[in-house]
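Peer 1: no FASTA, just this:
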C-alpha cells in the first residue's frame, strides 16, 4: 500500500474536494460566513491568555461546524462522482498492490454498482482482491492489498468544467411541470435489476416471499445503487411488476 500520487494524477480525496469547490462554491462560502457570524456574536475574552485559548477552540469549532454543515453536499458529490465512474465519464486508476505491477489498471465501470468500491470514498483506497477481514485489535483499517485510487488531472478538469449542479437544498422550479415519480426509462441499473428477476420468480414460486417487494427485500444486498435498502428494493419491485404485466 502506498500514498504516492504520480505526476498528472490526483487522489480521490483531492477529486472530491475539487468537485465540491467547483459545483457548490456558493454554498460552501455561505456556510463559512454563517459560522463566522455566529462566532462573532460570542462575548469577547479580555485577558491575553484567555483570548489565545479561546481563539484556538474557536478555530477547531469552526472546522467541525463547517464539516458538519457540508455533510449533505459531500455525500451528494460522492454520489455524482460514483455515477460518473459507472457511466464511464471518469476513469479510476490504480497500481496493482498484490503483484507489484507498474502497469496502470482501471476499475471496471460495472464495479461502481457494487459494494466492493465503497471503500474508495470511505478511505480513498480500492481492494482489487476484495476487502480483507480485520486481523488486529487496532481500530485502524487494515490496508493490506489496498491500492490508492487515482484520477487523471486533465480528465477531472475537463469533466468538472462541463458539469454544473444546483444546491442540494434548492427548491424545484414551480413554473415547470414536476417530473413523474420513479426512475426514468433507461435507468443505469435496469440491466442489473432485470438480472435479479429469476431469483424473485423463485422466491414467489416457493412462497418464501409475498409480492415482488418482499422478494426484493430478501435479496436487497445484491441490488445495485447507493440508496437505502427499502428504496432499492422498491425500485426493483416496481420494475419487476411493470415487466411482468407486459409479458
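Peer 2: Structure's in. What do you need? Quantities reported herein were computed from a predicted structural model and do not represent experimental measurements. Residues are numbered from 1 along each chain as shown.
Peer 1: Which residue ranges make up the domains of this structure?
Peer 2: 1-173, 190-246 (automatic domain parsing).
Peer 1: For this protein, which residue occupies the most central location?
Peer 2: Closest to where the C-alpha atoms of the chain average out (CA atoms, centre = their mean) is residue 78, at 3.2 Å.
Peer 1: Wait, that residue touches residue 16, no?
Peer 2: Yes - the criterion here is CB atoms under 8 Å, and residue 78 meets it with residue 16 at 6.5 Å. Yep, even glycine has a C-beta here, placed from its N, CA and C like the rest.
Peer 1: shared neighbours, the two?
Peer 2: residue 121 (CB atoms under 8 Å, 6 or more residues apart in numbering).
Peer 1: quick one on the thing from earlier: give me the pLDDT for the residue nearest to the centre of the chain.
Peer 2: On the pLDDT scale, residue 78 is placed at 90.
Peer 1: go on, the one 4 residues further on?
Peer 2: Each residue has a pLDDT score; the one for residue 82 is 92.
Peer 1: Could you list which residues are in contact with the residue nearest to it when sequence neighbours are not counted?
Peer 2: Nearest non-adjacent residue to residue 82, counting by CB to CB, 6 or more residues apart in numbering: residue 112, 5.5 Å away. Contact partners of residue 112, counting by CB under 8 Å, 6+ apart, are 82, 85, 86.
Peer 1: The host helix or strand of the last one - contacts with which helices or strands?
Peer 2: The reference is to residue 86. Take DSSP states H and E as the rule and residue 86 turns out to sit in helix 71-87. In this structure, helix 71-87 makes packing contacts with helix 12-23, helix 118-123, judged by 3 or more CB pairs under 8 Å, 6 or more residues apart in numbering; DSSP states H and E.
Peer 1: residues of the last one that come out buried?
Peer 2: Meaning helix 118-123. Neighbour-count burial for helix 118-123, with 16 or more other CB atoms under 10 Å as criterion, is recorded at 119, 120, 121.
Peer 1: Would you mind checking the average pLDDT for that helix?
Peer 2: Mean predicted confidence for helix 118-123 is 83.
Peer 1: For the chain, which segments count as strands?
Peer 2: For the chain, the strands defined by DSSP state E occupy 9-11, 93-95, 104-106, 125-126, 147-148, 150-152.
Peer 1: Take these and write them to a markdown table, including mean neighbour count and distance to residue 62.
Peer 2: Formatted as a markdown table, the strands of the chain follow (neighbours: other CB atoms under 10 Å; distance: least, CB to CB, whole Å):
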| stretch | mean neighbour count | distance to residue 62 |
| --- | --- | --- |
| strand 9-11 | 19 | 25 |
| strand 93-95 | 18 | 35 |
| strand 104-106 | 13 | 39 |
| strand 125-126 | 22 | 29 |
| strand 147-148 | 22 | 30 |
| strand 150-152 | 21 | 30 |
